[in-house]
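[1] Structure here, sequence nowhere to be found:
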Ligand code: GLV
């Protein structure tokens, strides 16, 4: 048995180092140097070339080196094998802290103080108190729940929406279309944690944003395509949105000539809110390989029917 490692664009060496310590008996081959394709049982990949995964005749499972799997499912020649998403609690916790940063920043107006420093201006603002600053989370999966928990601990009222009703302690939960409208009407800051599926593509569009109260803030930590970025820019320009922090874009890296770089009140980060690092994630991946080797089910399995 051997392992294929192809963390395209984000570096293989740290993964190889961590995995060889965790699984010293396994051969790990870094793409494209694969001495024997028939020996590969597990593929650990991010953004592999289309068609490549169909060339390993004894492949047993495909393990994503990130939480999302669109980099796999867009491959028209993807073999029909179990796909295991990467669920690293360290990543979910990082995403929660990233979200809390923007909640604090927008609620207390730190970006205004940052601008004031340039002007040497000593002037306080009177923010809405935390207990009146409702933060709404779209998507109450593993990441959404981690985000909700941390923001709630920091003293903000947390509302949460998901497709099906769920009860989370301390979260005012909503579901369905009526529930969504009701929640959006009460939101001061919206955090999108929904995965990209056929149903969520451009979900946050002009009509959606119009259902938010005036002067709402938006934070996107999932995928760029869930948000219609043009609609966000228009809402920022009209003042309907008071600020937005976007960590993901439809085209990544965001091109240098993109107009988004210079939109006032639009804060851009380079898809780092939940970056995956081998130092914590390799353990999760190794455990899944060990589970499969022992005939146990890996976790979490991608559900092709549900699309996540
Ligand atoms: C990053 O966005 C991931 O899918 O892990």
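    Everything's here; your move. Just so you know, these numbers come straight off a predicted model, no measurement behind them.
[2] mind listing what the residue nearest the centre of the chain touches?
    Closest to where the C-alpha atoms of the chain average out (C-alpha atoms, centre = their mean) is residue 222, at 3.4 Å. Residues near residue 222 by C-beta atoms under 8 Å, 6 or more residues apart in numbering: 139, 143, 192-196, 248. Bear in mind the C-beta positions are built from the backbone N, C-alpha and C, glycine included.
[3] check which helix or strand covers it.
    Assessed by DSSP states H and E, residue 222 sits outside every helix and strand.
[4] Distance of it relative to the ligand?
    Distance, residue 222 to the ligand, by C-beta to the nearest ligand atom, to the nearest Å: 8 Å.
[5] the bottom helix or strand of the protein by mean pLDDT?
    helix 70-73 (a mean of 93; mean pLDDT, DSSP states H and E).
[6] Please identify the buried residues of it?
    70-72 (16 or more other C-beta atoms under 10 Å).
[7] again, but for stretch 165-184
    166, 168, 171, 173-175, 179-180, 183-184.
[8] Please apply the same query to stretch 258-277.
    260, 263, 265-268, 271, 273-274, 276.
[9] Equivalent analysis for stretch 126-142, please.
    130, 133-142.
[10] same question, stretch 296-308
    Buried, per 16+ other C-beta under 10 Å, within stretch 296-308: 298, 300, 302, 308.
[11] which residues of this protein fall in helices?
    Using DSSP state H, the helices of the chain run over residues 13-22, 70-73, 89-108, 110-118, 142-153, 176-184, 206-210, 229-238, 278-293.
[12] Kindly report the residues of the stretch 51-200 of the chain close to the ligand.
    66-68 (C-beta under 6 Å from any ligand atom).
[13] Residue 40: neighbouring residues, count only.
    Number of residues near residue 40 (other C-beta atoms under 10 Å) recorded here: 21.
[14] By proximity to the ligand, which residue of the stretch 201-308 of the chain wins?
    residue 276 (5.1 Å; C-beta to the nearest ligand atom).
[15] How about the contacts made by that residue?
    10, 65-67, 86, 88, 91.
[16] go again using 6 Å as the cut-off
    Applying C-beta atoms under 6 Å, 6 or more residues apart in numbering to residue 276 gives the contacts 66, 91.
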